[in-house]
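# Turn this into a structure:
(one chain, ligands or ions: 1)
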Amino acid sequence: MSWKSVADLIVQDRNAPIAIIGAPMEAGSVTPGRCDLAPETIRRALKRFSTFDVNDNLELDLPVHDAGDLAVQTMMPSQGFDPIRQAVEAEALDHDLVILLGGNNAVTRPAAHALGLPLDKVGLITLDAHFDMRETDAGPMNGNPVRCLIEDGMPGRNICQLGLAPFANTGRMEEDAAAAGNHVWTIAACEDGLIEIVVDEAFAKLEQSGVLAIMVDFDIDVIDRSQCPGAPGARPGGLAVRDFFRAARHVAMNPKVRLVDLTEFDPSLDVSDISALTAARWVCEILAGYRLRTP
Ligand SMILES: [Mn+2]
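This is a model prediction of the structure:
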C-alpha cells in the first residue's frame, strides 16, 4: 500500500484522544444473522481508506487507541451487559471519544451506562429506522434498547430519535415514545439535505434537558437498503448514505458527544462490500468530525 490508510491510525496508545472497541454481539437479534462479523470486517475495510479528505483538505493525523474486540459473540444481551459497560467505561475515562463497533443494537444499552454519569445526565441520539421500543418482558434484545434505557431511568426528554421509517414500527411504539417524551424526527424530516439541521435541533433539545454527555447510536439500518444491503432492518426509502456521512461528521464535531456506536451491520448480507465500505467510511467521518472540533 503506497498511502497511509485509516487502519494505520489505529494503534496501542492510551494517550490517544479517541478509542475504538468492538462488541461483536449477535445473540438476541430479531432477525438472526452475523452482526458478530462486523468489527473485524470494518477493521479490514479501513485499510481501503486514505487519511486525506480532498473535499475539505483535511488530513486525519490523530492516533486512535485500539481497545480490541470483546468476547461477547455467544452472549445474550443480559450476559453481555457488564462486560460491555465495563470495557466502554474504562475507555471513556481515558479518551475524549469512544467509537463502539457492534454487534447488534443490543450493545447500545450497556454503552449508555458507561459514561460514568447517572442516566438523567446522559443524552441519547439514535439514527435508526426503528424506535427500538419493543417490549422488554423477554429481556433485552436488539429491538428494545431505547425502552430498556427508559426503564433504567433515562428520561424521554434526553432521547432524540432520527430517521424513523414508515411501515417499520407500530402505532403503539410511537405512542409510547411520545408518552415518554422522546423527541422524534421521521425519515421525511431528514430528507433533502436537512440532516445537519435535524442533528442541531436534537442537540438543542438535549441542551434544554441539561445533559452532561451525549451518546449517539448509528443503527446502520437507517440507510436506504440499496445503499446498505448489509443490514437486516434496512428498507428502500431510507436515509441517503451521503446524509448518513454528513450526520456522522456533524455529530462528532460536538464536544459533548463522548460515545458513538455503529450497530446492525451484518456482513453476511452484504453485496460487493457496499455496507463494509459504508461502515468504514462512517469511522472516517467520526474521526474527521472530531478533528474539526474547536477547543
Ligand atoms: Mn435499531
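# so what's Glu201 up against?
Applying CB atoms under 8 Å, 6 or more residues apart in numbering to Glu201 gives the contacts Trp185. (C-beta placed from N, C-alpha, C; glycine too.)
# and this protein, which residues reach the ion?
105, 128, 130, 132, 219 (CB under 5 Å from the ion).
# what about the protein, any weak spots by pLDDT?
Within the chain, the stretches with pLDDT under 70 are 1.
# Please enumerate the strands of it.
10-11, 18-23, 52-53, 58-59, 64-69, 97-102, 122-127, 159-164, 183-186, 213-219, 257-263 (DSSP state E).
# would TSV of those with mean neighbour count be doable?
Converted to TSV, the strands of the chain look like this (neighbours: other CB atoms under 10 Å):
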stretch	mean neighbour count
strand 10-11	16
strand 18-23	26
strand 52-53	16
strand 58-59	14
strand 64-69	20
strand 97-102	27
strand 122-127	28
strand 159-164	26
strand 183-186	18
strand 213-219	26
strand 257-263	25
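# Including distance to Gly143, could those go into CSV?
Formatted as CSV, the strands of the chain follow (distance: least, CB to CB, whole Å):
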stretch, distance to Gly143
strand 10-11, 31
strand 18-23, 17
strand 52-53, 35
strand 58-59, 37
strand 64-69, 23
strand 97-102, 14
strand 122-127, 13
strand 159-164, 14
strand 183-186, 17
strand 213-219, 11
strand 257-263, 12
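# before we move on, back to that, sitting in helices, which of the residues of the chain next to the ion do you find?
Applying DSSP state H to those, no entry is found in helices.
# out of these, which is most surrounded?
Neighbour counts for the residues of the chain next to the ion (other CB atoms under 10 Å) peak at Asn105, which has 31 neighbours.
# so it touches Pro145, yeah?
Yes: assessed by CB atoms under 8 Å, Asn105 is found in contact with Pro145 at 5.6 Å.
# hey, what's in contact with both of those two?
Shared contacts of Asn105 and Pro145, counting by CB under 8 Å, 6+ apart, come down to 132, 217.
# quick one, what contacts the closest residue to Met253 other than its chain neighbours?
Leaving aside its sequence neighbours, Met253 sits nearest to Gly289 (CB to CB, 6 or more residues apart in numbering; 4.5 Å). Contact partners of Gly289, counting by CB under 8 Å, 6+ apart, are 248-253.
# cool, and Val11?
Taking CB under 8 Å, 6+ apart as the test, what Val11 contacts is 63-66.
# what's the spacing between it and the ion?
31 Å (CB to the ion, to the nearest Å).
# what's across from that residue in the sheet?
For Val11, the beta-bridge partners under DSSP bridges are His65.
# quick one: Leu101 and Pro39 touch, right?
Yes: with contact defined as CB under 8 Å, Leu101 reaches Pro39; the gap is 4.3 Å.
# what touches both of those two?
22-23, 69.
# any idea which of the residues you listed is closest to Ser78?
Ala23 (14.3 Å; CB to CB).
# can you map out the helices along the stretch 151-295 of the chain?
For the stretch 151-295 of the chain, applying DSSP state H, counting those that start in this stretch gives helices covering 171-180, 195-209, 241-252, 274-291.
# Rebuild those as TSV, extending it with distance to Ala92.
Output for these, formatted as TSV (distance: least, CB to CB, whole Å):
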stretch	distance to Ala92
helix 171-180	25
helix 195-209	18
helix 241-252	15
helix 274-291	14
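# Nearest to Arg34, out of the ones you listed?
That would be helix 274-291 among the helices of the stretch 151-295 of the chain, by CB to CB, at 11.9 Å.
# got the angle between the closest one and strand 97-102?
Interaxial angle, helix 274-291 versus strand 97-102 (axes from the mean of the first three to the mean of the last three CA atoms, to 10 degrees): 170 degrees.
# Next, the angle from helix 274-291 to strand 64-69.
Using the same axes, to 10 degrees: helix 274-291 against strand 64-69 is 140 degrees.
# would you put the C-alpha positions of helix 274-291 in CSV?
Provided in CSV are the C-alpha atoms of helix 274-291 (Å, rounded to 0.1, in the frame of the first residue of the first chain):
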residue,chain,number,x,y,z
ILE,A,274,-21.1,-1.8,0.0
SER,A,275,-22.0,-1.9,3.6
ALA,A,276,-18.5,-2.7,4.8
LEU,A,277,-17.2,0.3,3.0
THR,A,278,-20.1,2.4,4.3
ALA,A,279,-19.4,1.4,7.9
ALA,A,280,-15.6,2.0,7.5
ARG,A,281,-16.4,5.4,5.9
TRP,A,282,-18.5,6.2,9.0
VAL,A,283,-15.4,5.7,11.1
CYS,A,284,-13.5,8.1,8.8
GLU,A,285,-16.3,10.7,9.2
ILE,A,286,-16.3,10.3,13.0
LEU,A,287,-12.6,10.9,13.1
ALA,A,288,-13.0,13.9,10.7
GLY,A,289,-15.7,15.4,12.9
TYR,A,290,-13.5,15.0,16.0
ARG,A,291,-10.6,16.6,14.1
